[in-house]
Every structure is written in C-alpha cells, then in structure tokens.
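Trainee: requesting a structural model of the entry that follows:
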Amino acid sequence: MRNQRSLLRSLPLGLLLGAILCMPAMAVNSVAEKYVTSAKLVGKGRLHVFMFKVFDARLYAPEGEFDPTRPFALSLSYLRSIDSASIVDSTIKELRKQRSWDANTIEGWREALAGIIPDVDPETTITGVRTDAGATHFYQGEQMIGEISDPSFTAAFFDIWLGDTTSQPQLRRELLQI
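Mentor: The predicted structure follows:
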C-alpha cells in the first residue's frame, strides 16, 4: 500500500517530466508540418563521436517516405554544448569530404552558416528543412534563424547525414530505416 501511494504521488511529476521531454519533438513536428505535406517520422538515431553523445536526429518526410528531391525536415536535438564555430567547421569539413567544391562557393557557405548556426547546449534543437524550391531553412525550436537558397548547398548539406557517402553510415541507416 505504501509503495502504491508513493507511486501515485510521483505520477504527476513523471507525467510532467514526460511532457517536457517530448516538447522538442512536438516543436519539430510543427516546423516539419509547415513545409512537409503529411509529415511523418521516417526514422531517428543518435550520433556518437567516440564515447560522447552529440545529438539525437529525427527525419520527417511526406507520409514517412523520404525522397531527397521533395520537402523534408531533419531535426538535431543536441546532447552537449558546442560552440557555433565548431559546428560550422565540422559542417564545412563534411561538405569537402563529399566532393571538391570551388573555394568561393565553400567560403560563401561558411559565411552563411556562421551567421545562422548558434552555439548549442543540451536544450537546443535545430531543424533543417529542405523546401519545395530546394532551399534550406534553419529553425531553432520553432523560430526561423536563417536560410540558404542554393539548391547545391541543400543537396550537399543533407547528404552529410542522408547521402551514400556519409561519414556516419549507421546514423543514415537509422534515419532512413534501411
């Protein structure tokens, strides 16, 4: 009987904590729904670098069917603090691994990302949306923080996680459910 009372007393706190933990996912759905018709979760995964948890990723697409030529949303919920410059540097490094880009193009993308990507902490969720026009819109929570309208950037940027030559094939498999 005592254990049941204890459980009942902790239930409201548990429900509250559950609701709080689900908030980032709910916010991502609302961002995805702005751009993706019938947005549904395709897959999710966690990026580990060595023994460190970096972020949880979720991919949303129409009816849960991913097509890189149609709108979709990729959400990254960070699990550690990382400064903006480190994120931008890692992104540029990954873009360069995919193919050899013109120096002016890559520096233009670096500048654009530096003006968009904030420092993150374990409460930060950033969502990148591939729009119908092939642009990338960036959101922090539900607030738009920037846009890069170059379709070449959009394809290369999302290929970091979703492309055949990703440096994180396990995360890709989890996101695409393959």
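Trainee: for this structure, give me the ranges with low pLDDT.
Mentor: For the chain, the stretches with pLDDT under 70 are 1-29.
Trainee: swap the cut-off to 50 and go again
Mentor: 1-28 (pLDDT under 50).
Trainee: could you verify that Arg173 is part of a helix?
Mentor: Yes - using DSSP: H, G, I helix; E, B strand; the rest coil, the assignment for Arg173 is a helix.
Trainee: which residues of the chain fall in strands?
Mentor: 39-49, 52-62, 72-78, 125-130, 136-140, 143-148 (DSSP state E).
Trainee: now the angle from the fifth one to strand 125-130?
Mentor: Read that as strand 136-140. Relative orientation of strand 136-140 versus strand 125-130 (axes from the mean of the first three to the mean of the last three Cα atoms, to 10 degrees): 160 degrees.
Trainee: can you redo the strands of the chain as CSV with distance to Ser90 and mean neighbour count?
Mentor: Every C-beta, even on glycine, is put in place using the N, C-alpha and C of the backbone. Output for the strands of the chain, formatted as CSV (distance: least, Cβ to Cβ, whole Å; neighbours: other Cβ atoms under 10 Å):
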stretch, distance to Ser90, mean neighbour count
strand 39-49, 10, 17
strand 52-62, 10, 20
strand 72-78, 12, 23
strand 125-130, 13, 24
strand 136-140, 15, 22
strand 143-148, 17, 14
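Trainee: would you turn those strands into TSV with distance to Ser167?
Mentor: TSV is the format used below for these (distance: least, Cβ to Cβ, whole Å):
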stretch	distance to Ser167
strand 39-49	10
strand 52-62	13
strand 72-78	15
strand 125-130	17
strand 136-140	19
strand 143-148	21
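Trainee: I'd assumed Gly128 was in contact with Phe158.
Mentor: Yes - here Phe158 reaches Gly128: they are 7.0 Å apart, a contact under Cβ atoms under 8 Å.
Trainee: which neighbours do these two share?
Mentor: Contact criterion Cβ atoms under 8 Å, 6 or more residues apart in numbering; residues shared by Phe158 and Gly128: Leu74, Thr136.
Trainee: mind listing what the residue nearest to Asp132 when sequence neighbours are not counted touches?
Mentor: In space, and not counting its chain neighbours, Asp132 is closest to Pro71: 5.3 Å by Cβ to Cβ, 6 or more residues apart in numbering. With contact set as Cβ under 8 Å, 6+ apart, Pro71 has these partners: Tyr35, Val36, Thr37, Ala61, Pro62, Val129, Arg130, Thr131, Asp132.
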